[in-house]
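[1] Predicted model and sequence below, questions to follow.
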There are 2 protein chains.
Amino acid sequence: MRSICVLGSTGSVGVQSLDVARSLGLKVSGLSAYSNVELLVEQARQFSPTMVAIGDVRAQARAEAAFSELSPAPELLVGPEGLVQLAASRKHDIVVNAIVGFAGVWSTLAAIDAGHDVALANKETLVAAGSIVMERARRAGVSIRPVDSEHSAIFQCIRGQDRDAISRIILTASGGPFRDRRDLSDVAVEEAIAHPNWDMGPKISVDSATMINKALEVVEARWLFDVSPEMIDIVIHRQSVIHSMVEYRDGSVIAQLGTADMRTPIQYALTYPDREEGLASRLDLSSLATLTFEEPDLSRFPGAGLGHEALKRGGVAPVVMSAANEEAVSLFLRGKVRFLDIPDLVFEAMDSSSVVREPSLDDIVRADIWAREYVRGRCRPCTR
Amino acid sequence: MRSICVLGSTGSVGVQSLDVARSLGLKVSGLSAYSNVELLVEQARQFSPTMVAIGDVRAQARAEAAFSELSPAPELLVGPEGLVQLAASRKHDIVVNAIVGFAGVWSTLAAIDAGHDVALANKETLVAAGSIVMERARRAGVSIRPVDSEHSAIFQCIRGQDRDAISRIILTASGGPFRDRRDLSDVAVEEAIAHPNWDMGPKISVDSATMINKALEVVEARWLFDVSPEMIDIVIHRQSVIHSMVEYRDGSVIAQLGTADMRTPIQYALTYPDREEGLASRLDLSSLATLTFEEPDLSRFPGAGLGHEALKRGGVAPVVMSAANEEAVSLFLRGKVRFLDIPDLVFEAMDSSSVVREPSLDDIVRADIWAREYVRGRCRPCTR
C-alpha cells in the first residue's frame, strides 16, 4: 500500500485529496496546514499520520496542545522548515502539494530531492521556478504529476502519444463568474469567489474571475510539457466538460472530458499509470446537449494574456507576475483594492521589476519578495 | 520508404488513401479496383505500382488492353483470386483495404497471412469475421489499424492508456441526413446519398442515413478493441467534430476531435505510431461555437440498434446483418425497395437465419450467401 503525504490538507484540494485517499485505501503518512489546527487535528484523528506540520509559527502552542491529546500523537513540525522537513521525510511514497502560494515551492523541491513523486496542485512551484523544478525532478528521476484539471487533462492527452508531434496545447477556461459581465469596475468580493462550475478556494476563485488562473496555467504548461509559449492557446469553454486538449501535427486533437470534480485529476495523479474506480459522477453526454467554445476577450480580461507576456519577458517575470497577483488578490479579498486593480497591479509590477536572465532560486525569492512589496507599496494610496 | 498497397483504390477511401500516400511520399506497390479500369489506369500512371488487380472478371479484356499501354506495364491480376494474390504479395509493407462489401474479407485475411499490417476500411471484414480475423492477426503478429473516423478515434484514445480500465466506448454518430426528418417513408435515393458532414461513397452514405453504419461500427469496435457489446454506446453528435470517445473507470473520458476529413484517420493508420503533417484543415474551435449530443432515436432509426442485437444473438447473426443490409441497400439504390424496407429486411433476415455457434469461415460465407438470397427473395413482390 502506498503512503501519501498531503501538504495543505485543510484547503479545498487537500480535503478532496483525503477523500480520494480514503476511497483508494491509501495510507496517509503526513499532513500539513498553515494555521487551521482544528481541521488538521480532525484529519489526523481519521488518518493517523505519523507526522504533521503547521506552517504558521504563531499556531505552535495551539497545535502542540491539540496534537498531544491524540493517541498515538503524531510528530509535530512547525514553520516553513517544518513543512520542508515533512515533505522530505522518507515515510512517503508520493507527496501531494496542495499548498496555496509561493511557500509551496520549497516543499516541492524538498519532496523531489527526497526522491518522491509529486502530485502538484501548487501553481507557484512551476510558475515561479518551473525550469529549476523540472530539471531537479529529471535528475532525481521523479515525476511531477499535475493535479489541476487542465494540466491533468493534457497529461492524459499526451500519454503514450508521439510527443514530437504535438503542435498545440489548448487550455480550456470556464471564463469565470464574469464572462458575461460588461462592467467589471464594481465587482464585490463575494461575487468574485463564487465560481459557476468548480468548488475552489478563494484565491483560486479570484484568479478564475480575473482569468489570471489561465496565465499561471500557461506558464505551468510551458514547463510541465516542455512546449514553447506560442504553442499554448486559451479557449473559453463555459461548460467545463472538456478540461483541455492537445493538437497534433496530423490535425488530430485529443481531449479529456469529465464532470467538474477535482477528485478525478487528484486520483489520476495518485494512481498513475493505472486508473481506479473514481468518486466523481460519470459524464452523461446525451443530457449535456451543448458544448461551446469562444475566444477569450483580452480587453475585458487582460489577465488571461499575462502568462504569454511573462514567458516572453522570461527570467523572473513569471514569479513577479505570480507574486504580484497573489498580493493583489490578498488585498482585494481584504477590500483594499478593486477587482480591476488586480491585473493592473500585476502589469505594473512586471514593468517595474529588474530583468534577471537565468535566475537562481535566490533571484526568484528576491523577485517574489520585491513584487509583493511593490504591490503593497502601490496600494497604500487606495487603502480605504 | 514504406510500400503500400491500396485495395479498392478507385473508391472514395481509396482515392483519399492515394492523396495521403502522395503527401507522405510513400511508395505504392499495388492498386486494385472492382471494375473502374479507367481510373485505375490513371492511378497506375501516377504511382507506378508493380502490380494491379481488377476484381470483375468481365473487365479483364478492357484492363489487359489499357494496362499494356503503360510502360513499364504493371503485372495485372484478375478476379477474386487476383485480389487475394495482390494482397498477399511480399512487395508491400502495409495493405490498405478500402474494398466495399464482403469481398474485402478475403483480401484482409490474405494480407494478414502474408504478415502485412492492415489499414482497414472494409467494415465487413470485422463485422462478418471479427473473431477469426483478430485471432489470425494476433497469431501473425500484425496490427489491424482502423481507417474509419470513429474507430481511428478510439484507437487514438486508448493508445498508451490503461486498457484494463476502459469502462465504455462512445461511438459518435452524425445522425445522417434524416436526423430531423419525421417521416422516412418517402425517402428518395438522391436524398439518402447526400451526407451532411462527410464525403463518402453511396453504400456508406445510405448506411449513415439508416444509421446501420453504427450497427456495423458497434460490431467492429467489439472485435477491434475486445470489449463487450454492453460497453459500447452510440451518441448523436451532429457536428462530427468529436469522432468518438473512450470512458475509463475513473470517470475520465478521452476523445479525439478533428475536421471531417477521412485523410486524417487514413494517414494515422499509415504512419502509426508516428504522426506526420496532415492534409486536413485544422480544427478551429473558437469558430465552432457549439457541439451537441443527443441520444439516438431507435424508433425512427431501428438500424442503429442492430449491432447490439446481432452481437447478442452471436454466431452468424452479424454477417447475416451485414450481408442482408448490403443487399437491401443495393436494392434501394436501384429503386427496388423503399428506404424503410432496409432495416425491416435486415431484421427479417436475422430472424429467419439458422443459428450457428462459433461459425467457421465456411459457415460465414454460407450465411452471407443465404442472407443475400433471402433479401432478394423477399424483395420480389415489391419489384416495381
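    Arrived safely, thanks for sending.

[2] Low-confidence ranges, the stretch 51-200 of chain A, go.
    By pLDDT under 70, the low-scoring segments of the stretch 51-200 of chain A are A:195-200.

[3] Sorry, wrong one. I was asking about the stretch 201-350 of chain A.
    For the stretch 201-350 of chain A, the ranges with pLDDT under 70 are A:288.

[4] quick one, helices of it?
    A:202-210, A:212-224, A:263-271, A:285-288, A:306-313, A:317-333, A:341-352 (DSSP state H, counting those that start in this stretch).

[5] check which helix or strand covers whichever residue of chain A sits closest to chain B.
    Proximity to chain B, evaluated over chain A using Cβ to the nearest Cβ, is greatest for residue A:160 at 1.0 Å. For every residue, glycine as well, the C-beta is placed using N, CA and C. If you go by DSSP states H and E, residue A:160 is not part of any helix or strand.

[6] which residues sit in contact with it?
    Contacts for residue A:160 were tallied using Cβ atoms under 8 Å, 6 or more residues apart in numbering or on different chains; they are B:159, B:160, B:161.

[7] Look up how far residue B:158 lies from the spatially closest residue to the first one that is not a sequence neighbour.
    Right, residue B:159. Residue nearest to residue B:159 in three dimensions, not counting chain neighbours: residue A:160, with 4.9 Å by Cβ to Cβ, 6 or more residues apart in numbering or on different chains. Applying Cβ to Cβ, to the nearest Å, the value for residue A:160 to residue B:158 is 9 Å.

[8] which SSE is residue A:171 in?
    Here residue A:171 is assigned to strand A:166-173, by DSSP H and E.

[9] Can you give the strand pairings for that strand, parallel or anti for each?
    strand A:232-236 (parallel), strand A:242-248 (antiparallel) (DSSP bridges).

[10] Could you identify which of those is most buried?
    strand A:242-248 (a mean of 26; mean count of other Cβ atoms under 10 Å in any protein chain shown).

[11] Outside of that strand itself, list whatever touches it.
    A:149-154, A:157-158, A:161-162, A:165-172, A:253-258, A:265, A:291, B:255, B:257, B:275, B:282-283, B:285.

[12] Between helix A:263-271 and that strand, find me the angle.
    If you take axes from the mean of the first three to the mean of the last three Cα atoms, to 10 degrees, strand A:242-248 sits at 60 degrees to helix A:263-271.

[13] tell me the domain boundaries of chain A?
    A:3-146, A:151-261+A:283-311, A:314-384 (automatic domain parsing).

[14] How far off centre is the first one?
    When you say that, I think you mean domain A:3-146. On the basis of Cα atoms, centre = their mean, to the nearest Å, domain A:3-146 sits 14 Å off its chain's mean C-alpha point.

[15] rewinding a little: and residue B:13, which of the domains of chain A is closest to it?
    When those are compared by Cβ to Cβ, domain A:151-261+A:283-311 sits nearest residue B:13, at 16.9 Å.

[16] buried set for stretch A:216-226?
    Buried positions in stretch A:216-226, judged by neighbour count with 16 or more other Cβ atoms under 10 Å in any protein chain shown: A:216, A:217, A:218, A:219, A:220, A:221, A:222, A:223, A:224, A:225.

[17] Likewise for stretch A:34-47?
    For stretch A:34-47, by 16+ other Cβ under 10 Å, it's A:34, A:36, A:37, A:40, A:41, A:43, A:44, A:47.

[18] Filtering those by proximity to chain B, which remain?
    Within the set of the buried residues of stretch A:34-47, contact with chain B (Cβ under 8 Å from any Cβ of the partner chain) is found for no member.

[19] Let's see which of these end up in helices.
    A:37, A:40, A:41, A:43, A:44, A:47 (DSSP state H).

[20] how about the last one, what does it touch?
    Just to be clear, that refers to residue A:47. Contacts of residue A:47 (Cβ under 8 Å, 6+ apart): A:18, A:21, A:22, A:28, A:31.

[21] any idea of the pLDDT on it?
    The score at residue A:47 is 98. That number is its pLDDT.

[22] again, but for the third one
    For residue A:41, the pLDDT comes out at 98.

[23] now swap in the fifth one and tell me
    Here, the pLDDT recorded for residue A:44 equals 98.

[24] Near residue A:14, how many residues? Count them for me, please.
    28 (other Cβ atoms under 10 Å in any protein chain shown).

[25] Now it: which helix or strand?
    Applying DSSP H and E, one finds residue A:14 within helix A:12-24.

[26] so how far is stretch A:287-296 off the chain centroid?
    25 Å.

[27] oh, I was asking about stretch A:324-343
    Offset of stretch A:324-343 from its chain centre (Cα atoms, centre = their mean): 18 Å.

[28] mind checking the end-to-end distance for that stretch?
    9 Å (Cα to Cα, to the nearest Å).

[29] residue contacts, the closest residue to residue A:102 other than its chain neighbours?
    Spatially, and ignoring its direct neighbours in sequence, residue A:102 is nearest to residue A:124 (4.7 Å; Cβ to Cβ, 6+ apart). Taking Cβ under 8 Å, 6+ apart as the criterion, residue A:124 is in contact with A:101, A:102, A:104, A:105, A:216, A:319, A:322, A:326.

[30] again, but for residue A:103
    With Cβ under 8 Å, 6+ apart, residue A:103 has these contacts: A:34, A:55, A:80, A:83.

[31] got a winner among those residues for most neighbours?
    In the contacts of residue A:103, the most neighbours by other Cβ under 10 Å go to residue A:83, 26 neighbours.

[32] which element follows the one helix or strand that one maps to toward the C-terminus?
    Following DSSP H and E, the helix or strand that holds residue A:83 is helix A:79-88. Next along the chain after helix A:79-88, taking DSSP H and E as the criterion, comes strand A:94-97.

[33] orientation of whatever helix or strand comes next after that following strand relative to helix A:79-88 in degrees?
    As assigned by DSSP H and E, the chain's next helix or strand after strand A:94-97 is helix A:104-113. Per the same axes, to 10 degrees, the angle that helix A:104-113 makes with helix A:79-88 is 30 degrees.

[34] What lies in contact with helix A:104-113?
    Residues external to helix A:104-113 that are found in contact with it (Cβ under 8 Å, 6+ apart): A:5, A:7-8, A:80, A:83-88, A:92, A:95, A:97, A:99, A:118, A:120, A:122, A:124-125, A:128-129, A:133, A:136-137, A:140, A:142, A:144.

[35] rerun that using 6 Å as the cut-off
    A:7, A:83-84, A:87-88, A:95, A:97, A:118, A:122, A:124-125, A:128-129, A:136-137, A:140, A:142 (Cβ atoms under 6 Å, 6 or more residues apart in numbering or on different chains).

[36] Then stretch A:328-346?
    A:184-185, A:187, A:189, A:203, A:206, A:210, A:302-303, A:321, A:324-325, A:375, A:379, A:382-383.
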